[in-house]
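> Next one to model:
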Amino acid sequence: MSIWRLMAWQLMGSGEKSSAETTRLVHNVLLTEDFNLEDISEFNAETATRSMDRLEATLSSDSKSISQQDGWKTDVNVNIQVPSCEKCSEGKERVFMVCGLTYCPLISVVRAAFMEAALKQFHLTPFKHIWKSPVTGREQQLYNELYMSDIWIKAHDDVQKQCQEDSCTLNTHLAQFGHATAWPVYLFFGNLSKYEHASASPGPCHPLPESLTDFINSFMMTRNHLDVLVHCKCELCHAVWKTLLDDEFVEAYGSGIITRCHGGVLHHMYPQIFTYSADYPEKIILVTIHDKGLCPCPRCCLPKSSFSHLGFASDHMGQLTCAQVYARSKICAVRCTIYQFGNPVKGTAVERILKDCSLVPTLNSFAEHLSLFHINIYLTLIVDLMHKFELGILKSVLKHLIRILYAIDPSLVSTLNKQFFVILPFGVDGICHFLLNVAEMRQWVARHFKDMLQCLIPTFKGLLPAEHDAIVKRLLFHLSEWHTLTKLQMYLDDSLAQLNQALKRLAAEIRRFQWTTCEAFKTHELPSEIAAQHRRQQSQSKSEFLNNPPSSAAHPKSFNTLTYKFHGKLVHCVIKKFYRHMNRRDVTTGLMKQERWQMHIQRQLGDHTSQEIIPNIVSPHKIESSPELHHIMHALPCNTFNLTSFLRENRSDPTVKMKDHLLSQLYGYEYDGDEHSFTDDEHNDLQIISVNYTTYDIHHKQDVMQPGPGCFVMTLSWEDGPNMHPFWYAQVLQVLHINVLHIGPNARCHSLQHMELLWVHWLGVEPQYSWGFQEAQLPKVEGDYNAFGFLDPSFVIHGCHLIPSFSNGQTMALLQWGASVARHPTDNDDWCSFYVNMFADHDMLCHFTAIGVGHKVQYLMQMTSSAHDGGDEPASDDDDSCASTSCWNINCP
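Prediction:
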């Protein structure tokens, strides 16, 4: 009855109670020794929250409140100057006060972090990580963490001992419906490994208050204040950063601070701003430039018209020679004309000075306060891949490909949807199952576009005319290659060189796609774009709606590369989680309370928090497994059946005998791909196989697979020769646990032995098919009627994702027509061939490119690979061809 009530509680009421959270409630609360039901006989969560707030309020004046202990400052006022379009003497400008800023000073965050137990995981002394290949003996530097970078080591040498910071800001929409927002600033410490970044220190600041419009209306006659409001938003952002970059922080930046850290040890720390991660709308505010101006890049002054030169040597040199610099004299002169002479913010006098460099008349707080330390805010900004690529370039390319399909034949869109629907998911956090209307891209986030890209090459093949099909195939291949390489967590010198070449190849393919394929078709807006435009028009006022009635006709739509996105957010979940557990009357104060109480509870729990069951990893299979074991094959007695009867009932299926395979394991023969057999009347079990492996960046990971039609694995190839394929592929039909009694004269052991094996359907590489990075082709495999056998699970190196070759169709020649253990129960025939998805995850790509430090297989690949041919040569400005890289390029006989 207790379990029933617990499950009923999870399923009823709020839909945010996951199975993992329910399990955590049981293990971390209900089953603890100090939990007493009598203490919660009259429990109410809202009452308990109010009691915690009253407890803080009633603390004596001698003791600081929790917020004061953590350094929080509340109800801080920030003043900004508002342009009035009228002459004013200096000091008489109109000032607007923004009230209610809540923040935690940066130095307080630094001190608090070094007093926590997490200091034990900090790397206070940077170092270089060198990897020596056991095959070639060549040494390469690993680039994995901030504290391993050359610039970090140089900064450490300059100040001896320092603590550097990685700060990041976002503009976060909190409510699914409504307009509640916060502008949090997250501060991370580069001394801590990126794999340990699990929490943030937020300091929410205010967006523009609605009362600002009323304030402007009180002294301006015109009602169009858009330019003024945009200027005030930039002014407010830098006014808040001026508050954060206070005198204490500036002094610590130059002279350091001495504080007693966790364990009672004194440390002399030098905080430095190392990187700043933000999306484009925030970047332009931070570097004080115009949104989508003539020079829209936050790091350089290259004009927008030159963005099509991406990948050329001239583009790279231009970004270095035309770097953004802080033009303080220009900005001060313009601010004088605005605030003292009454010129409009975007008037002729202002634009004449600032337009060429896309500057705005706002003093940059970083440059003003940290100029003595030669900090360059422009260089600290790093690429935001989610917004720039997945929600930028990738989304733009995918949408235009759908437009081309509509221009050729709208029925092709339905074909594309059906083919995506057939693709099976892969991995726990990898490729998800696609819906039936993929082409609509409705309510998609970055992960959906990533999944679509990883599976787009097989699904798009054959939908376009032959000339354009080849161009699109190469474009999609190099998009996938570059995207996967940029998401790696660890780089070698070789992988950085390959990334550089991948960018050049991708830029060349984008230009070829734009100049050839896009010019060949007259494309128009998608149905979803027309519907969105109608919704925007209907939301206008009645007068605007009558003056501009909506049109049902689709407007022409071209492919545009002259945008910043074509020029060379985990932590926000913390804020959104806090928002769900508070009232909506005072968002900023509520977020502050949630953060500081969570920190207070973590301090009270101490090291016990590490013993909790983390919600996103709760699984009985994961709890039972050990990373030291290669694989775990779960055996349940309820799934046991008689093997002799099973083989007799499935005699029509093309199966092979097991006895030879089992004897090969008993005798310890080296597996070379040939099968060897077994006694009957043993027990068999179908369950889940968990394969542990070391990732390319030297971490433990696990593939959890359920045998069946969508379960594919890869092993190292035992083939020799110059054109050998590096891997073998198989579909796992069943996981078998067998009790074997070896009674032969040469038996090594005469007692009953437990053995494990996989019943597989082998897939061979398609003959006369070229694959590789130069051909921009995925590997292709096909099945065979008699290619059934057994595999020792210890030979499995990774699960793999196979996508049907839809252009080759299906056949009934491989297996018997009808039901078979080798196919899905609803299928009657088989796909002729499959594509091996090299871009399904990072480890798959690293296996094929031999850049995975944690992969043993790559050593064998390096010994037979002859692909090192100087692929790091720069591309010329008049040629889109790129040098080859150290990747496989194989023609199969």
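
> From now on I want contacts and neighbour counts done on CA atoms only, so please keep to that.
Fine.

> so what's residue 690 bridging to?
Note on residue 690: beta-bridge partners by DSSP bridges are residue 632, residue 704.

> give me the number of residues near it?
21 (other CA atoms under 10 Å).

> Thought residue 703 was touching it, still the case?
Yes - here residue 690 reaches residue 703: they are 5.6 Å apart, a contact under CA atoms under 8 Å.

> Tell me where the stretch 151-300 of the chain has helices.
211-217, 226-244, 247-255, 280-286 (DSSP state H, counting those that start in this stretch).

> Surely residue 118 is in a helix?
Yes - residue state for residue 118 (DSSP: H, G, I helix; E, B strand; the rest coil) corresponds to a helix.

> Quick check: it vs residue 263, distance?
11 Å (CA to CA, to the nearest Å).

> re earlier: for the helices of the stretch 151-300 of the chain, please prepare JSON lines with the additional fields distance to residue 529 and mean neighbour count.
Listed next are the helices of the stretch 151-300 of the chain as JSON lines, based on distance: least, CA to CA, whole Å; neighbours: other CA atoms under 10 Å:
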{"stretch": "helix 211-217", "distance to residue 529": "32", "mean neighbour count": "14"}
{"stretch": "helix 226-244", "distance to residue 529": "26", "mean neighbour count": "19"}
{"stretch": "helix 247-255", "distance to residue 529": "48", "mean neighbour count": "17"}
{"stretch": "helix 280-286", "distance to residue 529": "23", "mean neighbour count": "20"}
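
> so where's the stretch 701-850 of the chain shaky on pLDDT?
Along the stretch 701-850 of the chain, segments meeting pLDDT under 70 span 785, 815-828.

> so where do the helices sit in it?
842-849.

> What about residue 470, how many residues nearby?
Residue 470 - counted by other CA under 10 Å - has 14 other residues nearby.

> returning to that earlier point: looking at the helices of the stretch 151-300 of the chain, which is closest to residue 374?
Judged by CA to CA, the one of the helices of the stretch 151-300 of the chain that comes nearest to residue 374 is helix 247-255, at 10.9 Å.

> Which strands or helices does that closest one pack on?
On a contact count with 3 or more CA pairs under 8 Å, 6 or more residues apart in numbering; DSSP states H and E, helix 247-255 meets helix 106-115, strand 271-277.

> Can you give me the buried ones in stretch 384-394?
Across stretch 384-394, burial judged by 16 or more other CA atoms under 10 Å covers 385-394.

> Sort out for me which of the residues you listed are in strands.
Among the buried residues of stretch 384-394, none falls in strands (DSSP state E).

> of these, closest to residue 349?
Among the buried residues of stretch 384-394, and counting by CA to CA, the member closest to residue 349 is residue 388, at 33.6 Å.

> Which pLDDT value does the model give that closest one?
On pLDDT, residue 388 comes in at 77.

> With residue 43 instead?
pLDDT, residue 43: 79.

> That one and residue 21: what is the separation?
For residue 43 relative to residue 21 (CA to CA), the value is 20 Å.

> now do residue 158
For residue 158, the distance to residue 21 - CA to CA - is 47 Å.

> Could you do residue 7 as well?
12 Å.

> the more surrounded of these two?
Using other CA under 10 Å, the more surrounded residue of residue 7 and residue 21 is residue 21, with 17 against 13.

> if I've got this straight, the more buried one is in a strand?
No - going by three-state DSSP, the assignment for residue 21 is helix, not a strand.

> what's the pLDDT at it?
78.

> How about residue 581?
44.

> Residue 329 now?
92.

> What helix or strand is it located in?
Taking DSSP states H and E as the definition, one finds residue 329 inside helix 328-339.

> List of residues touching the helix or strand just after that helix?
Along the chain past helix 328-339, the next helix or strand (assigned with DSSP H and E) turns out to be helix 348-354. The contact list for helix 348-354 (CA atoms under 8 Å, 6 or more residues apart in numbering) reads 330-331, 334, 337-338, 343-344, 360.

> Got a quick PyMOL command for the buried subset of those?
In PyMOL, this line selects whichever of the contacts of helix 348-354 come out buried by 16+ other CA under 10 Å:
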select buried, resi 331+334+337+338+343+344+360
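
> In the contacts of helix 348-354, find the pair that's most separated.
The widest separation within the contacts of helix 348-354 (CA to CA) is 16.1 Å, between 330 and 344.

> Quick check: of the contacts of helix 348-354, which lies closest to residue 225?
residue 344 (10.6 Å).

> List the residues that contact the closest one.
83, 85, 338, 350.

> try residue 75
99-102.

> Would you format the residues you listed as a markdown table with distance to residue 472 included?
Listed next are the contacts of residue 75 as a markdown table, based on distance: CA to CA, whole Å:
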| residue | distance to residue 472 |
| --- | --- |
| 99 | 54 |
| 100 | 53 |
| 101 | 51 |
| 102 | 51 |
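
> are any of those buried, and which?
100-102.

> Can you add distance to residue 482 and give these back as a markdown table?
A markdown table is the format used below for the buried ones among the contacts of residue 75 (distance: CA to CA, whole Å):
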| residue | distance to residue 482 |
| --- | --- |
| 100 | 44 |
| 101 | 42 |
| 102 | 41 |
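
> so who does the nearest residue to residue 788 once chain neighbours are set aside touch?
Nearest residue to residue 788 in three dimensions, chain neighbours excluded: residue 761, at 4.5 Å (CA to CA, 6 or more residues apart in numbering). Shown in contact with residue 761 (CA under 8 Å, 6+ apart): 730-733, 783, 787-789, 822.

> From those residues, pick the one nearest residue 854.
Looking across the contacts of residue 761 and measuring by CA to CA, the closest to residue 854 is residue 730, at 23.1 Å.

> so that closest one touches residue 713, yeah?
Yes - the pair residue 730 / residue 713 is scored as a contact, 5.5 Å apart, by CA under 8 Å.

> Run through the strands of the stretch 451-600 of the chain in chain order.
Remark: no strands are assigned in the stretch 451-600 of the chain by DSSP state E, counting those that start in this stretch.

> Show me where it dips below the pLDDT cut-off.
539-552, 565, 567-600.

> number of nearby residues for residue 788?
Neighbours of residue 788 (other CA under 10 Å): 22.

> what number of residues lie near residue 699?
Quick note: residue 699 (other CA under 10 Å) scores 9 neighbours.

> hmm, who's touching stretch 85-95?
For stretch 85-95, using CA under 8 Å, 6+ apart, the contacting residues are 79-84, 220, 338-344.
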